[in-house]
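Asks: Compute the structure for the input listed below.
(chains A and B)
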Amino acid sequence: MQLRVPEKLAMTLCLLVTSLTAPPHLSLALVTLMLIARRAIPGLRPMDNPTARRFRTVLGFLLGGAIIMTFLNGVLIREGPILFQWAGISLYDGGIEFGVRTGSRLLLMTSALLILFGSTPLSGITTFLHQIGVPIQIVMTIHLTVHFVASMPSRIERIYSAQEARGAPLRAHSLSRMFSLMSILSPLILSSIVESIERGKALELRGYSSAPRRADDTVPFSSPYSILTICFLLLSIAALLLPWLLG
Amino acid sequence: MAPRITIDNLAYRYFAAGNPVFVGLSLEIPPGTCCAVLGPTGAGKTTLLEILSGIAGSQCKTSVAEGIIQIGENQYEPIPKATLFPGVGLLLQDPDVQISGIRDTVAAEVEFTLEQLSISATDRQRRVRDILADLGLSPLSQRHPLGVSGGERQRIALASVLVASPSLLLLDEPANALDSRSQHLLKGILRSRKETTTIILTDYSIDFALGLADMFVVLAAGRLVFQGTSTDFFKALVSMQDLLPIEYWKLLQSRLPKTRVRIPL
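Replies: Numbering: from 1, shown residues only, chains lettered A, B, ... in the order given. Now for the predicted structure:
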């Protein structure tokens, strides 16, 4: 099945809404389903190997973070019966439940967004949004934000390499890596912001901000209202309304 | 048709309480001229181009400007408040920033500029084909715009500006990332445009502007130090010693064509 941008956007919207309203076991089931779909459906596969690697790394870190967060919640939020006790440390049911709910929500949101941006070129998303009449300022903001986030790892790598070439042992061990990251954080963010401003300036100089919607399209474009898109949109509404209707 | 550019008594500052970038700057650039704006770092070269393109007025809402700018028949008082696309094209210093990344091929990236205008798809594609051929980019037309060499990226950025056929072309240090072969190619492209386009380019050293510019303007700390033809510039350089930072003056002096007599440093 070859998913197009509208279907993928509708699916991501549906998953984001569901992550906010669904119970943890459904969220975790959906995460598993998404991971299977990412392998099975060509339209959801990563665009290239580095993207696939980044997806695995981010999801791995997130999973680890979610487990630690659940454990800490179980210890710190002392609600409900004690599930487990060892060496004076007690895990409470209420805390664990809260941790699992938050963790599963975070996992579903992140995997949905990672799959969308990993399998769809940014140009495809911005072109589609422009074509359906989303205001150009919003499209430009999305473009600049995604570009900003996506360029961060390569920017960090460049700074590390440049400093290491001068003999600074930035990546000697995990601790030095962590401390050095702290020290480059502010120049890194500042330079990224400056580049975003310049990029916005360049787009404006090419008439982007004042652009009317294109009269004709060279990019193949078919109606965004396919059955699948409508199904996903209806599911999003249902996910939003059901918890409210069921009290 | 190439426009005449007139700047009359321009004063500009980024903030009301800030230091002025320009004070009483007046310039006149005849139609179809290639004008090189020289000056040390912080002289106001880039700001001048940004004012003429309209991006300074559009992006910096806190800026304060006085004076009059005239581009062809259009008079702006004090400065344009929106970008003057497609009549004025500005090539920024960094080609990586100029390439939008919104499109996946060089041809589509260049065509992106025309998508902002009401031009039919057939016309757009014809103009893109022509400009890519002019700039020697046809073999790269299906490559990713960011997956090419620095010199090629510079030419793609230039193509994305030229494709809109601006009558005033502004180039901010265009030779920065270019090797000598690419510089030579770029000079040829600019020379071929002189009949229909007024060109203003900035250059830190004089290397790129030599043999290309008909007119030289020298700025220092926002003030006009010199404006005139290339012949006058070479003669006047000696007298600019006190008006420019000494290191910069020495740099210009060292770049003079070898046939001219240099003043011993």
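Asks: what about stretch B:220-240, distance to the chain center?
Replies: 18 Å (C-alpha atoms, centre = their mean, to the nearest Å).
Asks: Tell me the gap between the host helix or strand of residue A:112 and the middle of its chain.
Replies: In this structure, residue A:112 sits in helix A:93-119 according to DSSP states H and E. In terms of C-alpha atoms, centre = their mean, the centre of helix A:93-119 is found 10 Å from the chain centre.
Asks: How about it and chain B, any contact?
Replies: No - using C-beta under 8 Å from any C-beta of the partner chain, helix A:93-119 stays clear of chain B, with a minimum separation of 13.7 Å. For glycine as for every other residue, the C-beta is placed from the backbone atoms N, C-alpha and C.
Asks: and that helix, what's its mean pLDDT?
Replies: Averaged across helix A:93-119, the pLDDT comes to 91.
Asks: helices and strands around whichever helix or strand comes after it, which ones?
Replies: Where DSSP H and E defines the elements, the next helix or strand beyond helix A:93-119 is helix A:122-131. If you count contacts as 3 or more C-beta pairs under 8 Å, 6 or more residues apart in numbering or on different chains; DSSP states H and E, helix A:122-131 packs onto helix A:5-21, helix A:136-165.
Asks: So which of these is nearest chain B?
Replies: helix A:136-165 (6.3 Å; C-beta to the nearest C-beta).
Asks: Now that closest one: buried residues?
Replies: Neighbour counts over helix A:136-165 (16 or more other C-beta atoms under 10 Å in any protein chain shown) mark A:136, A:139, A:140, A:143, A:144, A:147, A:148, A:151, A:155, A:159, A:160, A:163 as buried.
Asks: and the angle from the helix holding residue A:112 to helix A:122-131?
Replies: 90 degrees (axes from the mean of the first three to the mean of the last three C-alpha atoms, to 10 degrees).
Asks: and whichever residue of chain B sits closest to chain A, how far is that from residue A:198?
Replies: Proximity of chain B to chain A (C-beta to the nearest C-beta) peaks at residue B:116, 3.5 Å away. Distance, residue B:116 to residue A:198, by C-beta to C-beta, to the nearest Å: 19 Å.
Asks: cool, and residue B:226?
Replies: With C-beta to C-beta as the criterion, residue B:226 and residue A:198 are 30 Å apart.
Asks: same thing with residue B:43?
Replies: On the measure of C-beta to C-beta, residue B:43 and residue A:198 end up 20 Å apart.
Asks: filter the buried residues of helix A:136-165 down to the ones close to chain B.
Replies: A:143, A:147.
Asks: What is the most widely separated pair among the buried residues of helix A:136-165?
Replies: The distance between the two most remote of these (C-beta to C-beta) is 39.1 Å, for A:136 and A:163.
Asks: In the helix or strand where residue A:177 lies, which residues are buried?
Replies: Take DSSP H and E as the rule and residue A:177 turns out to sit in helix A:174-205. Of the residues in helix A:174-205, A:180, A:184, A:188, A:192, A:195-196, A:198-205 count as buried by neighbour count, 16+ other C-beta under 10 Å.
Asks: Go ahead and confirm residue B:19 touches residue B:12.
Replies: No - in this structure residue B:19 lies outside contact range of residue B:12 using C-beta atoms under 8 Å: 10.7 Å.
Asks: Give me the more crowded residue out of those two.
Replies: residue B:12 (26 against 10; other C-beta atoms under 10 Å in any protein chain shown).
Asks: can you tell me how far that one sits from residue B:72?
Replies: On the measure of C-beta to C-beta, residue B:12 and residue B:72 end up 21 Å apart.
Asks: measure residue B:162 to residue B:122 for me?
Replies: Where residue B:122 is concerned, residue B:162 sits at a distance of 19 Å (C-beta to C-beta).
Asks: Any chance of the backbone angles for the residue nearest the centre of chain B?
Replies: By C-alpha atoms, centre = their mean, chain B has its centre lying nearest to residue B:171, at 2.1 Å. Dihedral pair for residue B:171: phi -130, psi 120, per degrees, to the nearest 10.
Asks: Chain neighbours aside, what residue packs nearest to it?
Replies: With sequence-adjacent residues excluded and distances taken as C-beta to C-beta, 6 or more residues apart in numbering or on different chains, residue B:171 is closest to residue B:201, at 4.0 Å.
Asks: quick one: pLDDT of residue 155?
Replies: Picked chain A for this. For residue A:155, pLDDT reads 77.
Asks: my bad, chain B
Replies: So residue B:155 comes in at 89 (pLDDT).
Asks: Same check on residue A:52?
Replies: So residue A:52 comes in at 86 (pLDDT).
Asks: State the distance from the residue in chain A that chain B sits nearest to to residue A:14.
Replies: Relative to chain B, the nearest point of chain A is residue A:207 (3.5 Å; C-beta to the nearest C-beta). The spacing between residue A:207 and residue A:14, counted by C-beta to C-beta, is 35 Å.
Asks: Just the mean pLDDT for stretch B:184-200, thanks.
Replies: On average, stretch B:184-200 scores 89.
Asks: hmm, who's touching it?
Replies: B:1-5, B:29-35, B:37, B:49, B:52, B:134-136, B:154-155, B:158, B:162, B:165-171, B:174-175, B:178, B:201, B:208, B:211-212 (C-beta atoms under 8 Å, 6 or more residues apart in numbering or on different chains).
Asks: Output that stretch as CSV - backbone C-alpha positions only.
Replies: The C-alpha trace of stretch B:184-200 is given here as CSV (Å, rounded to 0.1, in the frame of the first residue of the first chain):
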residue,chain,number,x,y,z
HIS,B,184,35.4,33.3,-14.3
LEU,B,185,32.1,31.6,-15.3
LEU,B,186,30.1,33.8,-13.0
LYS,B,187,31.8,36.9,-14.4
GLY,B,188,30.8,35.8,-17.9
ILE,B,189,27.2,35.3,-16.8
LEU,B,190,27.0,38.7,-15.2
ARG,B,191,28.7,40.4,-18.3
SER,B,192,26.0,38.9,-20.5
ARG,B,193,23.3,40.4,-18.3
LYS,B,194,24.5,43.9,-18.3
GLU,B,195,22.4,45.2,-21.1
THR,B,196,19.1,44.3,-19.4
THR,B,197,20.1,44.5,-15.7
THR,B,198,21.8,46.9,-13.4
ILE,B,199,24.1,45.0,-11.1
ILE,B,200,25.4,46.0,-7.7
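Asks: Thank you, goodbye.
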